[in-house]
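1. structural data only, the sequence is not supplied:
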């Protein structure tokens, strides 16, 4: 059972895959884990990288801009400029608390490219408040997890009967 839990945990920590991939894999492979345990493990795995991303992503990008290696400098500069531009636009439209609600929605909608990794990266680039960011990300991950579990259970039930 430990190894099955570890598989779900690790898959849910992978960027862009996150719990959006871990839950369907666990349900589809019929790992024999209770659904509530799959959900909890996937949520925990998805949230583990959040503080690391928040505290180090912007620092890494700022560090990369100062390097002499042109590809790194260009990539980090592009990410910072693009993120700050999009963030300024969002802040103007949504306001302070609307920004955190938008962050919640961004993380909660389980489609590729949205999720805790991307949401936390955006929050880091925008220098959003850590506490409010984490609350928004947790709420979004919980919502996405429930959606993915419901969809996965329904899909595999229809596909394989039962």
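-> Cool, got the structure. Computed from a predicted structure; not experimentally measured.

2. burial count for the residue lying closest to residue 126 once chain neighbours are set aside?
-> Nearest non-adjacent residue to residue 126, counting by CB to CB, 6 or more residues apart in numbering: residue 87, 3.8 Å away. Where you see a C-beta, it was placed from the backbone N, CA and C, and this is true even at glycine. Residue 87 is flanked by 17 other residues according to other CB atoms under 10 Å.

3. how about residue 153?
-> 16.

4. for it, which non-adjacent residue is closest in space?
-> Per CB to CB, 6+ apart, closest to residue 153 is residue 27, 6.1 Å.

5. against residue 34, how distant is the one you found?
-> 11 Å (CB to CB, to the nearest Å).

6. for residue 9, same thing?
-> Relative to residue 34, and taking CB to CB, residue 9 is found at 15 Å.

7. higher neighbour count, the two?
-> residue 9 (16 against 9).

8. the more buried one: what's its closest spatial neighbour, skipping adjacent residues?
-> Nearest to residue 9 is residue 45, by CB to CB, 6+ apart, at 4.0 Å.

9. before we move on, what about residue 24?
-> residue 152 (4.5 Å).

10. list the residues that contact the one you found.
-> For residue 152, the contacting residues are 23, 24, 27, 28, by CB atoms under 8 Å, 6 or more residues apart in numbering.

11. packing partners for whichever helix in the chain runs longest?
-> In the chain, with assignment by DSSP state H, the single longest helix is helix 70-108. The helices and strands touching helix 70-108, judged by 3 or more CB pairs under 8 Å, 6 or more residues apart in numbering; DSSP states H and E, are helix 50-65, helix 116-126, helix 130-160.

12. any idea which of those is most buried?
-> helix 116-126 (a mean of 23; mean count of other CB atoms under 10 Å).

13. picking up where we left off before, how close does the residue nearest to residue 9 get to residue 54?
-> 17 Å.

14. and stretch 107-124, how far from the chain's centre?
-> Relative to its chain's centre, stretch 107-124 lies at 4 Å (CA atoms, centre = their mean, to the nearest Å).

15. contacts for it?
-> Outside stretch 107-124, the residues touching it (CB under 8 Å, 6+ apart) are 15-16, 18-20, 46-47, 49-50, 53-58, 83, 86-87, 103, 106, 133, 136-137, 139-141, 143-144, 147-148, 151.
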